[in-house]
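Asks: this one's sequence-less:
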């Protein structure tokens, strides 16, 4: 069977089935690499990252900082205080004047950084580095459970009563890590206020005195992978709960305002005195003029 061709080719019309779209509006890219099927809408390049996943470059900025009282300016690409501390190598042993998540472009002044002192602990042939905020050597020994090597330390001018200085070397007895130390600390009490209408206005009376509680923190002293000596909190237990303070308050004190009228100076008649404007007496008080009585 042969297909009939019209005598006049210009009069031939395209069949309707040939007008159907065989390719959809979007481009389907099938990549059989590792069994992955990728769908890319039409008009989007597979090499162009989406806006929400594009990397954001942070321009370098200059920040004014004060480290242990020493003022200086540093260049950084960090976006937050935590990032800056990490860049400076202070992460883990520094406390900033604002929360770590604060953005650097939101600082209103210099960033104050309290940097822990770095000391070297020598125990026999072992040497460790430690960051501490202890004020005296005795405080550091108590917090770490270390025992001072009195002979070696004394020969180098370091005593238990010596203040801790940055870069100090402390010689201790031979130690076996890890160590376990505990610390007692006070838990502050809260204050509760109750209103007593029978009391004098503005008065205050303590009904029940508050009492502080106690907490025991247990630390493990160990050597970190970088060679530093560190304390790791193991547990924190409240052994005595604080007892809140109860205070009774009287009603709010009412404010009273007194009026003082300036008398007419002696020797000046009331007719010569300057009259006050209508509706006032010159002292800020408004007065409604009295209407004349009809006879």
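Replies: Thanks, I have the structure now. All of these numbers come straight from a predicted model, not from anything done at the bench.
Asks: Give the buried residues for the helix or strand hosting residue 220.
Replies: Using DSSP states H and E, residue 220 falls within strand 213-223. For strand 213-223, the neighbour count (16 or more other C-beta atoms under 10 Å) marks 215, 219-221 as buried. Placement of C-beta: from N, CA and C, glycine included.
Asks: what packs against it?
Replies: Secondary-structure packing of strand 213-223 (3 or more C-beta pairs under 8 Å, 6 or more residues apart in numbering; DSSP states H and E): strand 179-187, strand 229-240.
Asks: nearest to residue 140, of the buried residues of strand 213-223?
Replies: Ranked by distance to residue 140 (C-beta to C-beta), the buried residues of strand 213-223 are led by residue 221 at 11.1 Å.
Asks: Specify the beta-bridge partners of the closest one.
Replies: Beta-bridge pairing for residue 221 (DSSP bridges): residue 179, residue 231.
Asks: My read is that it contacts residue 145, right?
Replies: Yes - using C-beta atoms under 8 Å, residue 221 is in contact with residue 145, at 5.8 Å.
Asks: Find residues that contact each of those two.
Replies: Overlap between the neighbourhoods of residue 221 and residue 145 consists of 179-181, taking contacts as C-beta atoms under 8 Å, 6 or more residues apart in numbering.
Asks: Pipe those into CSV and attach neighbour count, pLDDT and distance to residue 253 per row.
Replies: As requested, the shared contacts of residue 221 and residue 145 are exported to CSV (neighbours: other C-beta atoms under 10 Å; pLDDT from 0 to 100; distance: C-beta to C-beta, whole Å):
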residue, neighbour count, pLDDT, distance to residue 253
179, 15, 91, 58
180, 11, 93, 56
181, 17, 93, 52
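Asks: can you list the weak-confidence ranges in the stretch 51-200 of the chain?
Replies: Applying pLDDT under 70 to the stretch 51-200 of the chain picks out residues 51-58.
Asks: rerun at 50
Replies: Residue ranges of the stretch 51-200 of the chain with pLDDT under 50: 51-57.
Asks: What ranges does it have for its helices?
Replies: Counting by DSSP state H, counting those that start in this stretch, the stretch 51-200 of the chain has helices at residues 81-88, 137-144, 150-155.
Asks: Other residues contacting the second one?
Replies: Contacts with helix 137-144, where a contact means C-beta under 8 Å, 6+ apart, come from 119, 130, 132, 134, 146-148, 158-164, 170, 172, 179, 181, 183, 219, 221, 229, 231.
Asks: swap in the last one?
Replies: The set of residues that contact helix 150-155 without belonging to it, under C-beta under 8 Å, 6+ apart, is 122, 159, 170-171.
Asks: please redo it, this time with the cut-off set to 7 Å
Replies: Here helix 150-155 makes contact (C-beta atoms under 7 Å, 6 or more residues apart in numbering) with 159, 170-171.
Asks: mind giving me a markdown table with the residues you listed and columns for neighbour count?
Replies: Below are the contacts of helix 150-155 laid out as a markdown table (neighbours: other C-beta atoms under 10 Å):
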| residue | neighbour count |
| --- | --- |
| 159 | 13 |
| 170 | 26 |
| 171 | 19 |
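Asks: So residue 251, which state does it fall into?
Replies: Following DSSP: H, G, I helix; E, B strand; the rest coil, residue 251 is assigned to coil.
Asks: what's it in contact with, if anything?
Replies: Contact analysis of residue 251 by C-beta under 7 Å, 6+ apart lists 197, 201.
Asks: and it, how far is that from residue 192?
Replies: Separation of residue 251 from residue 192 (C-beta to C-beta, to the nearest Å) stands at 18 Å.
Asks: any chance of the shared contacts of residue 221 and residue 145 in CSV, with distance to residue 96 too?
Replies: Listed next are the shared contacts of residue 221 and residue 145 as CSV, based on distance: C-beta to C-beta, whole Å:
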residue, distance to residue 96
179, 30
180, 31
181, 27
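Asks: Am I right that residue 116 is in contact with residue 92?
Replies: No - counting by C-beta atoms under 7 Å, residue 116 stays clear of residue 92, with 8.9 Å between them.
Asks: Who has more neighbours out of the two?
Replies: Ranked by neighbour count (other C-beta atoms under 10 Å), residue 116 and residue 92 place residue 116 first, with 18 against 12.
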